[in-house]
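# no sequence on hand, only this structure:
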């Protein structure tokens, strides 16, 4: 598996897309620091990029890469190599390359200008969202042989978690405002990795005015540290669950 991961990882790092993604993060982060000298405000501005751009790039790039690598996957499977090894090798290589691009693009400027504890939390949130949406991309890729359908499913995942889910959650809260919804809301929040990453970041910064209903509820229910640990644990589950389902589908499907 190590050779497979190394080969795919190096191949991805050479692509123009990876370089452009890293450059975009670098330019955006440096520009924000030059516009505002307050590291806290810069971290908050970067949070919007992490919550919207990082999941979109991760899920679209991974889906396209999987189908572009289909011949390589079939070639590897023609050798005495287990499907599980090939699949996990692909996943680890893509995940490592995108995480590396994010760390270089956003992490280097944050460390240079001293973003404080919020910077480390932002990097953690970005890495977790990258892993989650890479897992979702692999799941969408193994569900169909049609590249266009797979990209459509991947974009639907991103659109749902980034835009639609919050609207549905607010509708439920306001529609059933007369009922005790605290525990129900807690369960519903756990079904959206983007919301979880946002709450982890806002709890670390302790900015009650920007937390909204869900963040304020987390802070009251758990406290800052417990809320961060709970959200981080659910994010790990979000990484592993789609990956496990995708692995099961891949090992059983007819290529």
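Yep, it's here. The structure presented is a predicted model; accordingly, all values stated were derived computationally and were not measured.

# most distant residue from the centre of the chain?
When distances are taken from the C-alpha mean of the chain, residue 178 lies farthest, 34.4 Å away, according to C-alpha atoms, centre = their mean.

# from residue 67, how far out is it?
49 Å (C-beta to C-beta, to the nearest Å). Any C-beta I mention is one placed from the backbone N, CA and C, and that applies to glycine too.

# do residue 231 as well
From residue 231 to residue 67 the distance is 32 Å (C-beta to C-beta).

# between those two, which has more neighbouring residues?
residue 231 (24 against 17; other C-beta atoms under 10 Å).

# that one against residue 196, yeah?
Yes: applying C-beta atoms under 8 Å, one finds residue 231 in contact with residue 196, separated by 4.5 Å.

# where does the stretch 101-250 of the chain have low pLDDT?
Applying pLDDT under 70 to the stretch 101-250 of the chain flags residues 115, 177, 179-183, 205-225, 227.

# try it again with 80
Counting by pLDDT under 80, the stretch 101-250 of the chain contains low-confidence residues at 113-118, 166, 169-170, 172-189, 199-229.

# how about the strands in this protein?
Counting by DSSP state E, the chain has no strands at all.

# distance check, the residue nearest to residue 243 when sequence neighbours are not counted against residue 85.
Spatial nearest neighbour of residue 243, excluding adjacent residues (C-beta to C-beta, 6 or more residues apart in numbering): residue 135 at 4.3 Å. Counting by C-beta to C-beta, the gap from residue 135 to residue 85 is 18 Å.

# how about stretch 154-172: buried residues?
154, 157, 158, 161, 162, 165, 166, 169 (16 or more other C-beta atoms under 10 Å).

# surely the last one meets residue 190?
No: shown here, residue 169 and residue 190 do not form a contact pair, counting by C-beta under 8 Å, at 11.5 Å.

# show me what contacts residue 106?
Listed by C-beta atoms under 8 Å, 6 or more residues apart in numbering, the contact set of residue 106 reads 25, 26, 29, 46, 49, 50, 122, 123, 126.

# mind listing which of the residues you listed are in helices?
Applying DSSP state H to the contacts of residue 106, the entries found in helices are 25, 26, 29, 46, 49, 50, 122, 123, 126.

# for residue 146, give its distance to residue 63.
From residue 146 to residue 63 the distance is 11 Å (C-beta to C-beta).

# and the two? Which one has more around it.
Comparing residue 146 with residue 63 by other C-beta under 10 Å, the one with more neighbours is residue 63, at 26 against 11.

# wait, the more buried one touches residue 151, no?
Yes: using C-beta under 8 Å, residue 63 is in contact with residue 151, at 5.4 Å.

# what do these two both touch?
Counting by C-beta under 8 Å, 6+ apart, the residues touching both residue 63 and residue 151 are residue 140.

# now do the contacts for the residue nearest in space to the middle of the chain.
Central residue of the chain (C-alpha atoms, centre = their mean): residue 129, 1.8 Å from the mean position. If you count contacts by C-beta under 8 Å, 6+ apart, residue 129 has them with 50, 51, 54, 55, 58, 193, 194, 197.
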